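**Q** from the sequence below, what's the structure:
(one chain, ligands or ions: 1)
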Amino acid sequence: MTAYENILIETKGRVGIIRLNRPKALNALCADLVRELGQALDGFESDLNVGCVVLTGSDKAFAAGADIKEMKEKSYQDVFLEDFITVGWEKVSQIRKPIIAAVAGYALGGGCEMAMMCDFIIAADNAKFGQPEITLGTIPGAGGTQRLPRFVGKSKAMDLVLTGRMMDAVEAESCGLVSRLVPLGQLMDEAIATAEKIAGMSLPATMVAKEAVNRAFETTLAEGIRFERRTFHATFAFEDRKEGMNAFADKRKAAWKHR
Ligand code: DAK
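**A** Numbers count the residues shown, from 1 in each chain. Coordinates of the predicted model:
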């Protein structure tokens, strides 16, 4: 298995777990960490024994944002020419398998954006979300101005982006950023149990379900419905679709082949 310096990876059954692990910097997302994250996601994406991924950090920080110390001396030419920390980042939103963010502590700036790139967020009661880039004289750079309004609406997104304030876990759940809120001590149990449930479904079915929901954010309602209809019809090509319906009729548990 690849040795990583800034992340820890493990698998539990069909669940792949990635833990951001730069505790001294509150998991600030330096280039090496983001590169390793991209590699780990590629590994889980191509592993047929993994059906769902959990991305998490520590009890204190999911991630306190991109690494400000690494960024601060960069020029426009630097960030443009090297396409600054883009490749590993995009992998989080491009992975085709389901991915859950399990967030405790700070999820700020790029940390909040990374959590939003996942399919949904389960938060511990100590989680704090925010887009503080404005306090650094810049703006969110990994989707904060685009994904946050889609989760929480314009008014709250503007409030967060323009003031840079943090939002606690209760506020984050009540405005729809977070799907479930649990006590800190139960975060990983809840996230892994949820991932196991998803990974226990037919893999191609979960992958097309994810693709169809994500289409809702990219198109009109009529086109989205058309996409859903075609994709629903396409599931009739899956061996697992036949098995799932036969298992229901036979009153037995489906035996997925993930095909
Ligand atoms: N970068 C670098 N180091 C950080 C850091 C960060 N974002 N956040 C914390 N640290 C470091 C601190 O410097 C400190 O290091 P030492 O001084 O011990 O060496 C250590 O972590 C512990 O932090 P504190 O001493 O500050 O701990 P506190 O508990 O007092 O405060 C805090 C916690 C989270 C409130 C505070 O650390 C803080 O405000 N951190 C900065 C939060 C922030 O502004 N984040 C937004 C960064 S900008 C893009 C992708 C992503 C992005 C942009 C583009 N592309 C794909 C193009 C994202 C940009 C950002 O995220």
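**Q** could you pick out the longest helix of the chain?
**A** helix 31-46 (DSSP state H).
**Q** so where do the helices sit in the stretch 151-259 of the chain?
**A** 154-163, 169-174, 187-199, 203-215, 221-234, 239-249 (DSSP state H, counting those that start in this stretch).
**Q** go through those helices and name the closest to the ligand.
**A** Set against the ligand and scored by Cβ to the nearest ligand atom, those come closest in helix 154-163, at 11.9 Å. For every residue, glycine as well, the C-beta is placed using N, CA and C.
**Q** so which bits of that closest one are buried?
**A** Using 16 or more other Cβ atoms under 10 Å as the test for burial, helix 154-163 gives Lys156, Ala157, Leu160, Val161.
**Q** which helices and strands does that helix pack with?
**A** helix 144-152 (3 or more Cβ pairs under 8 Å, 6 or more residues apart in numbering; DSSP states H and E).
**Q** please redo it, this time with the cut-off set to 10 Å
**A** In terms of contacts (3 or more Cβ pairs under 10 Å, 6 or more residues apart in numbering; DSSP states H and E), helix 154-163 is packed against strand 128-130, helix 144-152, strand 166-168, helix 169-174.
**Q** just for the stretch 1-150 of the chain, where's the confidence low?
**A** 1 (pLDDT under 70).
**Q** the ligand contacts on the stretch 101-250 of the chain?
**A** Taking Cβ under 6 Å from any ligand atom as the measure of proximity, the stretch 101-250 of the chain contacts the ligand at Tyr106, Leu108, Gly109, Gly110, Pro132, Glu133, Leu136, Gly141, Ala142.
**Q** and those as TSV, adding secondary structure and neighbour count?
**A** Formatted as TSV, these follow (DSSP: H, G, I helix; E, B strand; the rest coil; neighbours: other Cβ atoms under 10 Å):
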residue	secondary structure	neighbour count
Tyr106	strand	25
Leu108	strand	24
Gly109	coil	27
Gly110	helix	27
Pro132	helix	19
Glu133	helix	23
Leu136	helix	14
Gly141	coil	18
Ala142	coil	26
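**Q** what about stretch 58-75, how long is it end to end?
**A** End-to-end distance for stretch 58-75, by Cα to Cα, to the nearest Å: 31 Å.
**Q** do it and the ligand meet at all?
**A** Yes: using Cβ under 6 Å from any ligand atom, stretch 58-75 reaches the ligand at Ala64, Gly65, Ala66, Asp67, Ile68, Lys69.
**Q** and that stretch, what's buried?
**A** Neighbour-count burial for stretch 58-75 flags Ser58, Ala61, Phe62, Ala63, Ala64, Gly65, Ala66, Asp67, Glu70, Met71 (criterion: 16+ other Cβ under 10 Å).
**Q** all set now, cheers.
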